[in-house]
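Participant: Have a look at this prediction, sequence included:
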Amino acid sequence: MAMVETTETPLLVIENLHASVDDTEILKGVDLTIQPGETHAIMGPNGSGKSTLAYVLMGHPGYEVTSGSIRYKGEDITEDAPEDRAQAGMFLGFQYPEEIPGVSVVNFLRTALSNKTDTDYTILELRLKVSEAMQELGMDPSFADRYLNEGFSGGERKRNEILQMAVLQPDFAVLDETDSGLDIDALKIVAEGVERLRTDDRGFLIITHYQRMLDYITPDVVHVFHDGQIVESGGPDLADRIEQSGYENYRTGLATG
């Protein structure tokens, strides 16, 4: 009897995605497929549309998808609300995380995890989860009782994003320029946290301007983003080439594969 070949459903499939903000087209036909367990990196100059892609993936209401589609775990989520995407296991690490005065880190995580899992966790239960995650990430336990991002340094804000991932355990995480504003020590801590969270079924999309983040997180695929599109894809060596030559060739249309 003939064997039937089976293929795993991709974690994320973006097809010919176009999106605008205030009637200005930013994404101009993005195609991208990420399989479970894969880490992809998107590199590109400022203003190329990288962060727009992150926000559109998470359903930010300020961006309008004008054509194309986003499929997550085989389901079309192009029109889904941000909270539905989060509940389905998607996560966004912001470039500039917001302060939320009066809301402690542990209370924020309790609410987020309860909404994601439909389980009403007690503060004690959540503290145990947070404490375990913080220990693995090498974070000071007192961090959990501070107000979310209030008075945090850039490195502390980014480590808090990694803590959120460790507690929420998303299936797919988008990290939007997580390396922005970090010194080398903070960058290493954040990168090590991401590496601990990599699994055979969890996917990552790392958006960055510089190659230095990829010195600590080795992606499976690197994409170059320019003028709202992916213009080249390759292995980790592509990031090294960009570090040496910059993005000028893509601006002038002279890049080669």
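Facilitator: Thanks, I have it. Numbers count the residues shown, from 1 in each chain.
Participant: What is the neighbour count of Met43?
Facilitator: For Met43, the count of nearby residues is 26 (other Cβ atoms under 10 Å). All C-beta spots, glycine's among them, are computed from the backbone N, C-alpha and C.
Participant: What score does it have for pLDDT?
Facilitator: For Met43, the model assigns a pLDDT of 93.
Participant: what does Gly257 give?
Facilitator: On the pLDDT scale, Gly257 gets 41.
Participant: do Val221 as well
Facilitator: Note for Val221: predicted pLDDT of 97.
Participant: quick one, what contacts it?
Facilitator: Glu38, His40, Ala41, Ser233, Gly234, Gly235 (Cβ atoms under 8 Å, 6 or more residues apart in numbering).
Participant: again, only this time at 6 Å
Facilitator: His40, Ser233 (Cβ atoms under 6 Å, 6 or more residues apart in numbering).
Participant: which residue ranges form the strands in the chain?
Facilitator: 12-21, 24-34, 39-43, 64-72, 75-76, 90-93, 100-104, 147-148, 172-176, 203-208, 221-226, 229-234 (DSSP state E).
Participant: so which of these gets nearest Ala54?
Facilitator: strand 172-176 (4.3 Å; Cβ to Cβ).
Participant: Would you give the sheet partners of the closest one, along with the direction of each?
Facilitator: strand 90-93 (parallel), strand 203-208 (parallel) (DSSP bridges).
Participant: got the angle for it vs strand 39-43?
Facilitator: 20 degrees (axes from the mean of the first three to the mean of the last three Cα atoms, to 10 degrees).
Participant: Might you calculate how far strand 172-176 sits from the centre of the chain?
Facilitator: 1 Å (Cα atoms, centre = their mean, to the nearest Å).
Participant: before we move on, what about stretch 206-213?
Facilitator: Worked out by Cα atoms, centre = their mean, stretch 206-213 lies 12 Å from the chain centre.
Participant: Tell me the buried residues in it?
Facilitator: Within stretch 206-213, the residues scored as buried using 16 or more other Cβ atoms under 10 Å are Ile206, Ile207, Thr208, His209, Gln211, Met213.
Participant: who's in contact with it?
Facilitator: By Cβ under 6 Å, 6+ apart, stretch 206-213 touches Ala41, Ile42, Met43, Lys50, Ala54, Leu175, Asp176, Glu177, Asp179, Ala239, Glu243.
Participant: now do stretch 195-203
Facilitator: Leu11, Ile34, Pro36, Gly37, Glu38, Met165, Asp171, Phe172.
Participant: Return the member of those residues nearest to Asp145.
Facilitator: For the contacts of stretch 195-203, the nearest to Asp145 is Met165 (19.8 Å; Cβ to Cβ).
Participant: Now for the closest one, how many residues are close by?
Facilitator: Counted with other Cβ under 10 Å, Met165 comes out at 22.
Participant: Any idea what the residue nearest to Gly234 when sequence neighbours are not counted is bridged to?
Facilitator: Spatially, and ignoring its direct neighbours in sequence, Gly234 is nearest to Val222 (5.7 Å; Cβ to Cβ, 6 or more residues apart in numbering). Following DSSP bridges, Val222 is listed with bridge partners Ala41, Gly234.
Participant: Could you measure from Val222 over to Ser180?
Facilitator: 18 Å (Cβ to Cβ, to the nearest Å).
Participant: do the same with Ser153
Facilitator: Where Ser180 is concerned, Ser153 sits at a distance of 13 Å (Cβ to Cβ).
Participant: Then Glu136?
Facilitator: If you go by Cβ to Cβ, the gap between Glu136 and Ser180 works out to 24 Å.
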